[in-house]
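Chemist: fold the following and give me the result.
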Amino acid sequence: MSFNDQLQHLQAFLDADDLHDEALDYMAACGYLSALAISPEPVADEELLAELFAETPPYESPAQQDEIIGTLLELKARIARELASDEDLELPCELTLGDEPDYSDLRSWCIGFMEGVFLREEAWFSNDEELVSELLLPVMVGSGLFADQPEFAEIEQDEDMVEDMVEHIPQVLTQLFLLFHAPEEKPRPALLKRS
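Modeler: The predicted structure is shown next:
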């Protein structure tokens, strides 16, 4: 089975009505896995799955369980590889909140991403809180989770600013990934010849 087929199976599984109310849907799961691929502190697979599903899902069979979990972990690995390349991450949705932000795929993706950040919040903000907050701002605005805070309410009133911010999410993800994972101690290629 191709990976695209596996993703379609995963999407149908996560978007079904029989999962726990707090389980992440497919789009939120994609955001969540993106955050965990960037996270400065690793999250064990067991914890990743427990938080994503909220309770053990009603799998039809052990084979289906293996397929769903395998696809989730492979998706996270692929996101990490894409972030580690020089390409910006391609999100599985349009980079717009549209006319009804609460029902947009991008909002779900951003909410899932923030769920991933909350898992290791201290690690995300411990080294350079100001820079990380600045880089996360477009995702935070996109999530709508902070709309009741005065500074966010002000931003959300400016639709053009919001749309401009969310369009930059892929670049922001690359910057966050590099901030946490660029191996600064590794010599630059130009210095390798010196001994």
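
Chemist: how far off centre is the longest helix along the chain?
Modeler: Longest helix of the chain, by residue count under DSSP state H: helix 62-84. Its chain's C-alpha centre and that of helix 62-84 lie 14 Å apart, by CA atoms, centre = their mean, to the nearest Å.

Chemist: surely residue 120 touches residue 41?
Modeler: Yes. The pair residue 120 / residue 41 is scored as a contact, 4.7 Å apart, by CB atoms under 8 Å. All C-beta atoms are positioned from the backbone trio N, CA, C, and that covers glycine.

Chemist: neighbour count for those two, which is higher?
Modeler: Taking other CB atoms under 10 Å, residue 120 and residue 41 do not tie; residue 120 has more neighbours (18 against 12).

Chemist: the helix or strand following the longest helix of the chain: which residues count as buried?
Modeler: Next helix or strand after helix 62-84 toward the C-terminus (DSSP states H and E): helix 105-119. Buried residues in helix 105-119, counting neighbours by 16 or more other CB atoms under 10 Å, are found at 105-117, 119.

Chemist: one more: stretch 71-79?
Modeler: Neighbour counts over stretch 71-79 (16+ other CB under 10 Å) mark 71-72, 75-76, 79 as buried.

Chemist: ok, back up a step: may I have the longest helix of the chain as PDB, with CA atoms only?
Modeler: Extracted C-alpha coordinates of helix 62-84, given in PDB (Å, rounded to 0.1, in the frame of the first residue of the first chain):
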ATOM      1  CA  PRO A  62      -4.600  -5.700  15.800                       C
ATOM      2  CA  ALA A  63      -3.700  -5.300  12.100                       C
ATOM      3  CA  GLN A  64      -5.600  -2.000  11.900                       C
ATOM      4  CA  GLN A  65      -4.000  -0.800  15.200                       C
ATOM      5  CA  ASP A  66      -0.600  -1.500  13.700                       C
ATOM      6  CA  GLU A  67      -1.400   0.300  10.500                       C
ATOM      7  CA  ILE A  68      -2.800   3.400  12.200                       C
ATOM      8  CA  ILE A  69       0.100   3.700  14.700                       C
ATOM      9  CA  GLY A  70       2.600   2.900  12.000                       C
ATOM     10  CA  THR A  71       1.200   5.600   9.700                       C
ATOM     11  CA  LEU A  72       1.200   8.200  12.500                       C
ATOM     12  CA  LEU A  73       4.800   7.600  13.400                       C
ATOM     13  CA  GLU A  74       5.900   7.500   9.700                       C
ATOM     14  CA  LEU A  75       4.100  10.800   9.100                       C
ATOM     15  CA  LYS A  76       6.000  12.400  12.000                       C
ATOM     16  CA  ALA A  77       9.300  11.000  10.700                       C
ATOM     17  CA  ARG A  78       8.500  12.400   7.200                       C
ATOM     18  CA  ILE A  79       7.600  15.800   8.600                       C
ATOM     19  CA  ALA A  80      10.900  15.800  10.500                       C
ATOM     20  CA  ARG A  81      12.800  14.900   7.300                       C
ATOM     21  CA  GLU A  82      11.000  17.700   5.400                       C
ATOM     22  CA  LEU A  83      11.800  20.200   8.100                       C
ATOM     23  CA  ALA A  84      15.500  19.100   8.100                       C
END
